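*Asks:* Sequence below, structure please.
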Amino acid sequence: MKTPESGSHINHRPPIIDRLRRAFRGGVTPRDAALEAVRLGRARLASRRERARLAETEGRLLPARLRPEFARLAPGELLAHFRAPRDARLPRGFEQAAGLESSSPPEVSRAPGRDETVGEAEDILRAGRWPLLGLGALDFGADVDWLRDPLSGARWPLEYHADVRLARGDGSDVRVLWELNRLAHLSTLARAYAFTRDARFAAGCFRQLRSWRAQNPLGFGPNWACAMEVALRAVNLLAAFRLLAPALDPETLSFVLALLDEHAAHVRRNLEFSHVRTSNHYLTDVAGLFWVGVCLPELEDAGGWRAWAASELPREMERQVLEDGADWEASTGYHRYVSELFLCSFVLARENGIDFGERYRLRLRSMLEYSRAVLRPDGRAPLVGDADGGRFLPLSQRAADEHAYLLSVGAVVFDEPRFKVTPEAPPELFWLSGTEGVRRHGAMPEAPAPGSQAFRHAGTYVLRAGDDYLLLNASGAGLGGRGSHAHNDALGVEVSAGGACFVRDPGTFVYTADLGERHRFRSTAYHSTVEVDGREQNSVGEQLPFVIGDEARPRLVRWEDDESHTLAAAEHSGYAGSPAGAVTHRRSVFFDKRARFWLIEDALEGRGRHAFRFRFHLAPGAGARVRADHAVEVCDRIKAARLFILAPEGFGAPSLEPRHSSRDYGAKEESVALCWTVEAGAPLAARWLLVPVHAGERADERLALIKAAGS
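*Replies:* As a prediction, the model looks like this:
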C-alpha cells in the first residue's frame, strides 16, 4: 500500500529486458502495453514541466486558489464562513463534535474512545510521544524531524520527488517515515480539542503543521514522492481542519487552505494510474481527491476533483474488488485498507447527497461479508499476504489483524446485525455515524458466527462450526497475476479452536528495511503448506521486495458443504519446474462438524525423488509437545484449549524449527514451526488428523473416538 511498487524505487536495477518482463507479466494485452508506453512518455514530459514550475516557486507556499465568490471575502468573513455550518459535510460524528460548546451534550462527551483520545493527545503535547505501527510509542521530541527515519536515524534529502531513492539498503524504512508523515496524530489532537475545547491541543496541532510544511517544500523529498501518501495526509488534515474550526484565526485558515489545495493539486498531477494495473495506490489518489473536492468546495478546482473522483471510485470498485468481495491483491491486510477507504468514502458521499450507484453499494456490502467470514473466533483476522497496518482514516489505534471495527460500522450503515461482532461500539462508529449510530449499534442483537463459506474468486475457503475454524488459502499472486503483496502461501492453513489460535500465518514484519527478512516472511518455508526440494512456489528475488511470480496458480478442485461436513480441495502447480521432476500439490481438507476434527490429505503427484517438507507454523505463545505416539499436542498458554496434530504413519516426530511471527508492521516475536521432512518418490500421499480439544474435554477420549471413527 504505502510501498514503492515500481522498479524505479529499487536500488539494484536489473537489465531493461527483465524490467519490461516484470512490468508486463500476468498476461497484459498488446493494446494495454501500447497505452502504457504512451502514458509513460507523457508522464516524463509532465515531470519535466513540474520540475521547472517547482524551481520557480522555490518551495514557497502559494495562496489557496479560491473560487471568485470566496476570494472576494475579507479574511474575517472567510473565517466566519468556515466556522459556521456549511453545505459540505464530513461524516456525522465530525459535524456533531465540531459543534460542541463548553457544555457538551452528554451523549457526545461519552463518545467511545474519548478518554483514550484525550490521554494520547496529552502524550503528544507533553512528551512529543505517540505510537507508530507496531513499533509502540516513539519519542519524537518537541521539534520533529520529519525527514528522519525514527528507527535507523537515516535522513532523506530534499531532492525532486521523482529522484528520491526510497529503498536505500542502509536499514532505513520509508514505510515508517511515511506513516509518521501521514500526520494521523494531528487528528488525535483535533479530536481531543473537540472533546475538551482545550486550546493547547489546537495550538499544538497548528505548530506541528507549520513545522511540517517548513521542512517539506512542495514536490521535494520523500514525503512528496508517492501520491498515495500525499492523499492520505490530506484526508487526515481535512478531519482535523473541521474539528479545529473554532480555534482558527484568519492567518491560520489561509495557511491550512493553501496546504490542502497544494496537496490535492500534487496528487492530481502525479496520479499512480497504469493501464497495466491499478492498485490501492491509485485508488487512494482518487479517494483523496474525492474527499478534498467534497469537503472544500470553496477551492477553485474542487468541483472538478469531486466530479472526476465520484465517477472513478465506482469504476475502481469494479476493477479492484473481486465478485465475491475480496480485494484483488491477495492480502487480507490490504482488504482491510481498501474496505475502510470504500466504506468511509461511501459514508461521506451519502452525507453530501452523492450516489455511487447500487453496484457500488452491493460490492461494498460483499467486502464486509468477506471480512466477517474470514474473521477468526477470537475476533482477529488471518494475515494472509502483506499486512503493514495501513489505514485510510485512522480514528483509533488498531493492530494489523483488527478488522471487527469496520464490521461494526457496516452493521449500522447497512442495518445488518450479522456484522455486529462486538457488544461495544468502536470509536470509528461515532465519528462516521454519530451518536445515533452508536445508539443503533447498541440496540442490535448479536448474531452467531457464520458457518463454512467458499470464496472462489478470492481462493479463500473457511471450514468452521461454532468455535472451530480452519482457513484454507488458495489465492493466487493477486493483481491479475502481477502481484506485489502476495506471499508463497498456496494451500496454507490457519487453525483456531476454543478461543485460541494454534496455526497462524506469520504476517509481514518489514518491507525494504531488511530485504532478507522481507523474503523470509513471504517464503514458502514460513507458511503452513508443503515445500518441495527447498523451492519457492512462485519465483521471487530478495532484491525485488514487491515482485512475485504467478507459477503456482492455485485452483479449486472440489467444494462440498452440508449439515454434517465441509470438504475443500485445491491444487497448485508451483513445483512444475522442479529439476528432479514436476510435482503438483493437491490438498484436501475434510471437516467433520459433528465429531469436530479436520482431516487434511496432501497428494503430491508427479515423478522423481524429492525432499518434501510438511510444515505447520504455530502461533506465538503456542507450546508444542511430541507424545510417545508421535502425535503433537499444541497448547495455548493462556486458554485451556489444545490442538492435536497426528502425522501419517511412519513419518515419525517433527523437528521444531525456530521462526518469527509479526502481528504488526515492524514488530516480531518468536514462534516455532513443526516440520516433517520426507525423502521419497512421487507420487506421495500424506494424511493429517487435526483434533481440537476445548477446555473441560478429555483429550485421550476424544482422540480415541476419532481414531476409531477414522480407521
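*Asks:* Now Lys593. Nearest residue, chain neighbours left out?
*Replies:* Nearest residue to Lys593, sequence neighbours excluded (Cβ to Cβ, 6 or more residues apart in numbering): Ala465, at 4.4 Å. From N, CA and C alone the C-beta is placed, and that goes for glycine too.
*Asks:* which ones are touching the one you found?
*Replies:* With contacts defined as Cβ atoms under 8 Å, 6 or more residues apart in numbering, Ala465 is in contact with Gly451, Ser452, Phe591, Lys593, Arg596.
*Asks:* Recalculate using a threshold of 10 Å.
*Replies:* Residues counted as contacts of Ala465 (Cβ atoms under 10 Å, 6 or more residues apart in numbering) are Ala449, Pro450, Gly451, Ser452, Glu563, His565, Thr566, Phe591, Asp592, Lys593, Arg594, Arg596.
*Asks:* Identify the residue nearest the fourth one in space, chain neighbours excluded?
*Replies:* Distances taken as Cβ to Cβ, 6+ apart put Thr566 closest to Ser452, at 4.0 Å, once the chain neighbours are dropped.
*Asks:* Quick check: can you name the pairing partners of the host helix or strand of the one you found and their directions?
*Replies:* If you go by DSSP states H and E, Thr566 is part of strand 565-575. For strand 565-575, the pairing partners within the sheet under DSSP bridges are strand 555-561 (antiparallel), strand 583-592 (antiparallel).
*Asks:* show me where the stretch 551-700 of the chain has strands.
*Replies:* Counting by DSSP state E, counting those that start in this stretch, the stretch 551-700 of the chain has these strands, from start to end: 555-561, 565-575, 583-592, 597-606, 609-617, 622-626, 632-636, 642-646, 655-661, 669-681, 684-693.
*Asks:* Generate JSON lines for those, with mean pLDDT as supplementary columns.
*Replies:* Conversion of the strands of the stretch 551-700 of the chain to JSON lines gives the following (pLDDT from 0 to 100):
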{"stretch": "strand 555-561", "mean pLDDT": "98"}
{"stretch": "strand 565-575", "mean pLDDT": "98"}
{"stretch": "strand 583-592", "mean pLDDT": "98"}
{"stretch": "strand 597-606", "mean pLDDT": "97"}
{"stretch": "strand 609-617", "mean pLDDT": "98"}
{"stretch": "strand 622-626", "mean pLDDT": "93"}
{"stretch": "strand 632-636", "mean pLDDT": "94"}
{"stretch": "strand 642-646", "mean pLDDT": "96"}
{"stretch": "strand 655-661", "mean pLDDT": "97"}
{"stretch": "strand 669-681", "mean pLDDT": "97"}
{"stretch": "strand 684-693", "mean pLDDT": "96"}
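*Asks:* Name the stretch among those that sits most buried.
*Replies:* Of all those, strand 642-646 carries the top mean neighbour count, a mean of 24, counting by mean count of other Cβ atoms under 10 Å.
*Asks:* Show me what that one is packed against.
*Replies:* With contacts defined as 3 or more Cβ pairs under 10 Å, 6 or more residues apart in numbering; DSSP states H and E, the secondary structure elements packing on strand 642-646 are strand 492-497, strand 500-503, strand 597-606, strand 622-626, strand 632-636, strand 684-693, helix 699-710.
*Asks:* partner strands of the third one, parallel or antiparallel?
*Replies:* This means strand 597-606. When pairing is defined by DSSP bridges, strand 597-606 lines up against strand 583-592 (antiparallel), strand 684-693 (antiparallel).
*Asks:* what's the answer for the fourth one, then?
*Replies:* In the sheet, strand 622-626 lines up against strand 632-636 (antiparallel) (DSSP bridges).
*Asks:* CA atoms only: put the partner strand into CSV for me.
*Replies:* Taking Å, rounded to 0.1, in the frame of the first residue of the first chain, the C-alpha atoms of strand 632-636 are listed here in CSV:
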residue,chain,number,x,y,z
VAL,A,632,1.9,-33.4,18.6
GLU,A,633,0.0,-31.6,21.3
VAL,A,634,-0.2,-27.9,20.7
CYS,A,635,-1.2,-25.9,23.8
ASP,A,636,-2.2,-22.3,24.2
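*Asks:* from the chain's centre, how far out does it sit?
*Replies:* 30 Å (Cα atoms, centre = their mean, to the nearest Å).
*Asks:* Contacts for it next, please.
*Replies:* Identification of contacts with strand 632-636 by Cβ under 10 Å, 6+ apart yields 495-503, 616, 618-619, 621-627, 641-647, 653-654, 656, 672, 674, 676, 690-693, 695, 699, 703.
*Asks:* Show me the shaky parts of this structure.
*Replies:* Using pLDDT under 70 as the threshold, the predicted model of the chain has low-confidence ranges 1-27, 100-107, 709-711.
*Asks:* Give me the neighbour count for the nearest residue in space to Leu189 that is not next to it in sequence.
*Replies:* Using Cβ to Cβ, 6+ apart and skipping the chain neighbours, the partner closest in space to Leu189 is Cys205 (4.2 Å). For Cys205, the tally of surrounding residues (other Cβ atoms under 10 Å) stands at 29.
*Asks:* wait, is Tyr229 part of a strand?
*Replies:* Check again: residue 229 is Glu, not Tyr. No - checked against DSSP: H, G, I helix; E, B strand; the rest coil, Glu229 lies outside a strand; its state is helix.
*Asks:* Now do the contacts for it.
*Replies:* Glu229 makes contact with 1-2, 174, 177-179, 181-182, 222-223, 267, 281, 284, 288, according to Cβ under 10 Å, 6+ apart.
*Asks:* Can I get the buried part of those residues as one PyMOL selection?
*Replies:* Typed into PyMOL, the line below selects the buried ones among the contacts of Glu229, using 16 or more other Cβ atoms under 10 Å:
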select buried, resi 1+2+174+177+178+179+181+182+222+223+267+281+284+288
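*Asks:* List just the nearest of the contacts of Glu229 to His275.
*Replies:* His275 lies nearest to His281 out of the contacts of Glu229, by Cβ to Cβ, at 14.5 Å.
*Asks:* Report the residue ranges of every domain in the chain.
*Replies:* The record, using automatic domain parsing to delimit domains, assigns the chain the ranges 7-58+92-443, 453-710.
*Asks:* Let me have those in a markdown table, adding distance to Arg67 as columns.
*Replies:* Formatted as a markdown table, the domains of the chain follow (distance: least, Cβ to Cβ, whole Å):
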| stretch | distance to Arg67 |
| --- | --- |
| domain 7-58+92-443 | 5 |
| domain 453-710 | 39 |
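*Asks:* tell me the secondary structure for the closest residue to Phe273 other than its chain neighbours?
*Replies:* Nearest-residue entry for Phe273: Tyr282, 5.1 Å, with adjacent residues in sequence omitted and distances by Cβ to Cβ, 6+ apart. Classification of Tyr282 by three-state DSSP places it in helix.
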